[in-house]
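Asks: Sequence first, then the predicted structure, then my questions.
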Amino acid sequence: MSHPINAIPGLHSKNSLEKSIDWAKAHQQWVAVAGFAVLLIAFGVPYYLSSRAQDEKKAQDELSLGQYYLQSRIDPQNGPFKSAVERDQHALQAFQEILDKYSGTPASKLAKFYTAKCQFNLGQYQQAYGSFETAAEALKDTPLGDESFFGKVLCLAAQNQVPQAITLSETFLKSYPDSFIGPQVRLNLSDLYLKNKEQAKALEQLNWVAQKAQDSNWGKEAQRRLKALKS
């Protein structure tokens with residue numbers, strides 16, 4: 001008894017296998033690319049994640065080192081640092097290494113702020129302004145982001161760019177009216193107004209701080225300055 005071709009056991013699967021082989025031969029390039037993609041996903045992604053984790057750990061270690069430097073004792077004879085300049089230079093080097101080697105890590109955002117802070121302490125006001133600006137963007141809507149913005153004001157004031165510092169301070173207070181450093185910004189702004197011979201505006205800022213933050217150190221300082229101006 002004859003059997004239809006399709007009814008012969010295994011023949012259909014054999015034809016399917018042969019077709020698959022023929023297709024693979026005809027599309028060798030695509031098969032190779034697909035194979036490489038599978039290997040890349042299987043081995044590359046875990047390696048990438050592991051590498052990122054190692055970079056973050058190294059960045060965190062370097063960040064801790066820089067912060068340790070900033071908090072270290074200054075002793076001209078026994079150290080570990082003989083001057084504030086030496087301390088800030090070592091800290092700056094640690095933070096800049098994070099930005100150079102691990103720029104994509106979360107720790108690098110904090111390093112931007114501390115880099116700016118060290119540059120300011122070292123009197124590098126132009127560089128500090130740029131670093132504070134970068135940090136303010138990277139840390140936007142966070143306390144350190146606000147401090148970075150205020151850092152730009154301090155850099156301008158340190159370079160005797162009083163009108164620009166006043167404008168930036170006013171911009172900050174309008175943009176971030178509820179910032180936790182608002183009283184500090186206003187105290188500094190009162191000094192800038194006085195330097196710019198705008199005593200009425202200075203008194204307005206001091207009265208605001210004295211009333212709104214009366215129980216804080218900023219409020220007490222505002223009260224002290226008001227008494228001094230009125231005496």
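Replies: Noted; the coordinates are in hand. Numbering: from 1, shown residues only.
Asks: Please name every helix or strand in contact with the strand or helix carrying Leu92.
Replies: Assigned by DSSP states H and E, Leu92 falls within helix 84-101. Here helix 84-101 touches helix 45-71, helix 106-121, going by 3 or more Cβ pairs under 8 Å, 6 or more residues apart in numbering; DSSP states H and E. Placement of C-beta: from N, CA and C, glycine included.
Asks: Find the one among these with the highest mean neighbour count.
Replies: Greatest average neighbour count among the helices and strands packed on helix 84-101 goes to helix 106-121 (a mean of 22), per mean count of other Cβ atoms under 10 Å.
Asks: Let me know the next secondary structure element after it.
Replies: Note on helix 106-121: by DSSP H and E, the next helix or strand toward the C-terminus is helix 125-138.
Asks: Which neighbouring elements make contact with that following helix?
Replies: helix 106-121, helix 143-158.
Asks: Could you dump those into CSV with mean pLDDT and distance to Val85 added?
Replies: Output for those, formatted as CSV (pLDDT from 0 to 100; distance: least, Cβ to Cβ, whole Å):
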stretch, mean pLDDT, distance to Val85
helix 106-121, 97, 8
helix 143-158, 98, 16
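Asks: Rebuild the ones you listed as TSV, extending it with distance to Ser216.
Replies: Output for the helices and strands packed on helix 125-138, formatted as TSV (distance: least, Cβ to Cβ, whole Å):
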stretch	distance to Ser216
helix 106-121	22
helix 143-158	16
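Asks: Can you say which of these is nearest to Leu203?
Replies: Among those, the nearest to Leu203 by Cβ to Cβ is helix 143-158 (19.3 Å).
Asks: How about residues contacting that closest one?
Replies: Helix 143-158 is contacted by residues 110, 112-113, 116-117, 120, 123, 125-126, 128-129, 132-133, 135-136, 138-139, 162, 164-165, 168-169, 172, 176, 179-181, 184-185, 188, 192 when judged by Cβ atoms under 8 Å, 6 or more residues apart in numbering.
Asks: Drop anything exposed from those residues.
Replies: Neighbour counting by 16 or more other Cβ atoms under 10 Å classes 110, 112-113, 116-117, 120, 125, 128-129, 132-133, 135-136, 138-139, 162, 164-165, 168-169, 172, 176, 179, 181, 184-185, 188, 192 among those as buried.
Asks: Export the helices and strands packed on helix 84-101 as CSV, with columns for distance to Glu147.
Replies: Formatted as CSV, the helices and strands packed on helix 84-101 follow (distance: least, Cβ to Cβ, whole Å):
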stretch, distance to Glu147
helix 45-71, 14
helix 106-121, 7
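Asks: Any idea which of those helices gets closest to Asp88?
Replies: Of these, nearest to Asp88 by Cβ to Cβ is helix 106-121, at 4.6 Å.
Asks: Leu187 and Gly130, how far apart?
Replies: Noted for Leu187: a distance of 25 Å to Gly130, by Cβ to Cβ, to the nearest Å.
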